[in-house]
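Participant: only geometry, no sequence info:
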DNA sequence: CGGAACCTACCGATCTACAGGTAGGTAGAG
DNA sequence: CTCTACCTACCTGTAGATCGGTAGGTTCCG
């Protein structure tokens, strides 16, 4: 099955195109035709690779999961601002997931479970990260469990403000401000 | 024009219904038929009151604007946690605007301008509020301008986490934690 | 080597559904 | 008689999905 390689590449292209289209239109607003066009296929051709729109979405989410599932052991607190800066250079990615997050709170949305699980684990690893570094109390006095949702909330909330007004909002600075408030100083390298 | 009164009431009902439907499906996912059904009309009956779907959306946003545009002079910092608590009791409203916010970052979305303006003014009044109370430096050392986006971000970010997992996230506590970090103590009544 | 059997990668035509919007009407209040 | 408040009927567009191809391999057998 030599064709398998090519198939994989093609699927990859399609997933990347889908990411773009979802960034521009959200999931509900994205059409298979638009995704197909971007990779030079017809809608039906695309459905050869993914049997349904939802299957394509799942593939997109899986890809993301693989991408940013870094083993906890490799994470370090002082890398967080770097992550924010890194994201700021890829508005497409942020926009895709901000759009999907917004949609995910609506009924029966296929991404709802994904985000619910995702946030649960993200809060957990964040709390774990903080605990490893500081123990039961951060310098600010908060427990890791109570700081974690704040850190996550700030990242998400800033993204929306930044997407709407990139020139008015300095994500990077604001995020480092929060870390400073928590007493979690980023020793920048 | 006595009928004007009834018309106004009807419009109000429709707007409330639209708010619900948007909460459940987002704007793109919401259909005029679903809104109409909720108030016992046909889709065309609804179009008698609002000439288009977008006109209805605008009405929803206007309503919201009127609702929570409180003169700055009446705002007080220690009311913020109350606002958060109050919102927590009305998941529908939060969900409507979280869904719309998510969609608003997509291309050509009719709510984009609304949210862009809204965040600009919200950040401004927040900064103003903090300045009135604390001057150029909050107890934590941050300037009002740098604290404002953080406060706003936390409110929004928490809402998403809370909508996805109401039992795992204590919006109210987390928000007060942030205020405490800023050195903005809420003197609760 | 020749060829039947089968697979991959598509495309065209078409079905179904539903959504937004229009046109034109009717019923009741004043 | 007119205005408001609707409704029925309908048009148009679009989106996801299915069906049935076709063109180009690959496999395996005799």
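Facilitator: Alright, I've got the coordinates. Computed from a predicted model, the values in this text were never measured in an experiment.
Participant: Against which helices or strands is the helix or strand hosting residue A:155 packed?
Facilitator: According to DSSP states H and E, residue A:155 maps onto helix A:144-164. If you count contacts as 3 or more C-beta pairs under 8 Å, 6 or more residues apart in numbering or on different chains; DSSP states H and E, helix A:144-164 packs onto helix A:80-88, helix A:91-104, helix A:112-134, helix A:171-182, helix B:112-134, helix B:144-164, helix B:171-182. All C-beta spots, glycine's among them, are computed from the backbone N, C-alpha and C.
Participant: out of those, which comes closest to residue A:23?
Facilitator: helix A:91-104 (4.1 Å; C-beta to C-beta).
Participant: can you list the domain ranges for chain A.
Facilitator: Domain assignment for chain A by automatic domain parsing gives A:1-68, A:70-189.
Participant: Tell me which of those lies nearest to residue B:79.
Facilitator: Taking C-beta to C-beta, domain A:70-189 is the member of the domains of chain A nearest to residue B:79, at 19.9 Å.
Participant: How far does the closest one sit from its chain's centre?
Facilitator: Per C-alpha atoms, centre = their mean, to the nearest Å, the displacement of domain A:70-189 from the mean C-alpha position of its chain is 10 Å.
Participant: tell me the mean pLDDT for it?
Facilitator: If you average the pLDDT over domain A:70-189, you get 93.
Participant: And stretch A:44-62, by the same measure?
Facilitator: Here the average pLDDT along stretch A:44-62 is 97.
Participant: close to DNA strand D, is that stretch?
Facilitator: Yes - for stretch A:44-62 and DNA strand D, the contact criterion (C-beta under 7 Å from any atom of the strand) is met by A:44, A:47, A:51-54.
Participant: hmm, who's touching that stretch?
Facilitator: Stretch A:44-62 is contacted from outside by A:7, A:10-11, A:14-15, A:18-19, A:22, A:27, A:32, A:35-36, A:39, A:96, A:110-111, A:114, using C-beta atoms under 8 Å, 6 or more residues apart in numbering or on different chains.
Participant: any bit of that stretch sitting next to DNA strand C?
Facilitator: Yes - legend: contact between stretch A:44-62 and DNA strand C by C-beta under 7 Å from any atom of the strand is shown at A:44-45, A:48.
Participant: By neighbours, which of the residues you listed wins?
Facilitator: residue A:45 (14 neighbours; other C-beta atoms under 10 Å in any protein chain shown).
Participant: Helix, strand or coil: sort out it for me.
Facilitator: helix (DSSP: H, G, I helix; E, B strand; the rest coil).
Participant: Report pLDDT for residue A:25.
Facilitator: pLDDT recorded at residue A:25 is 96.
Participant: how deep is it tucked in, by neighbour count?
Facilitator: Residue A:25 has 19 neighbouring residues, counting by other C-beta under 10 Å.
Participant: for residue A:65, same thing?
Facilitator: Residue A:65 - counted by other C-beta under 10 Å - has 12 other residues nearby.
Participant: residue in chain A nearest to DNA strand C?
Facilitator: Residue nearest to DNA strand C within chain A: residue A:45 (2.2 Å; C-beta to the nearest atom of the strand).
Participant: can you tell me how far that residue sits from residue A:52?
Facilitator: 14 Å (C-beta to C-beta, to the nearest Å).
Participant: go on, residue A:113?
Facilitator: From residue A:113 across to residue A:52, the span is 17 Å (C-beta to C-beta).
Participant: can you check residue A:153 too?
Facilitator: Distance from residue A:153 to residue A:52, counting by C-beta to C-beta: 33 Å.
Participant: ok, the two, which is more surrounded?
Facilitator: Between residue A:153 and residue A:52, residue A:153 has the larger neighbour count (other C-beta under 10 Å), namely 29 against 10.
Participant: How about the contacts made by the residue nearest to the more buried one when sequence neighbours are not counted?
Facilitator: With sequence-adjacent residues excluded and distances taken as C-beta to C-beta, 6 or more residues apart in numbering or on different chains, residue A:153 is closest to residue B:157, at 2.8 Å. Shown in contact with residue B:157 (C-beta under 8 Å, 6+ apart): A:152-158.
Participant: so which strand or helix has residue A:13?
Facilitator: Counting by DSSP H and E, residue A:13 is found in helix A:3-29.
Participant: ok, back up a step: let me know the angle separating the helix holding residue A:155 from helix A:91-104.
Facilitator: Put simply, helix A:144-164 runs at 110 degrees to helix A:91-104, going by axes from the mean of the first three to the mean of the last three C-alpha atoms, to 10 degrees.
Participant: tell me the angle of helix A:144-164 relative to helix A:171-182?
Facilitator: Using the same axes, to 10 degrees, helix A:144-164 lies at 160 degrees relative to helix A:171-182.
Participant: residues of helix A:144-164 that come out buried?
Facilitator: Across helix A:144-164, burial judged by 16 or more other C-beta atoms under 10 Å in any protein chain shown covers A:144, A:146-164.
Participant: For residue A:135, what are phi and psi?
Facilitator: Main-chain torsions, residue A:135, degrees, to the nearest 10: phi 80, psi -150.
Participant: for residue A:70, that is, sorry about that
Facilitator: Per degrees, to the nearest 10, the backbone of residue A:70 is at phi -100, psi 140.
Participant: Skipping adjacent residues, who's closest to the residue positioned nearest the centre of chain A in space?
Facilitator: Most central in chain A under C-alpha atoms, centre = their mean is residue A:97, positioned 5.2 Å from the mean C-alpha point. Leaving aside its sequence neighbours, residue A:97 sits nearest to residue A:64 (C-beta to C-beta, 6+ apart; 7.3 Å).
Participant: Check the gap between the closest residue to chain B within chain A and residue A:113 for me.
Facilitator: Across chain A, the shortest distance to chain B (C-beta to the nearest C-beta) belongs to residue A:102, at 0.8 Å. Using C-beta to C-beta, we find residue A:102 at a distance of 16 Å from residue A:113.
Participant: which ones are touching the residue nearest to residue A:146 when sequence neighbours are not counted?
Facilitator: Distances taken as C-beta to C-beta, 6+ apart place residue B:177 nearest to residue A:146, at 5.6 Å, with adjacent residues excluded. Listed by C-beta under 8 Å, 6+ apart, the contact partners of residue B:177 are A:142, A:146-147, A:150.
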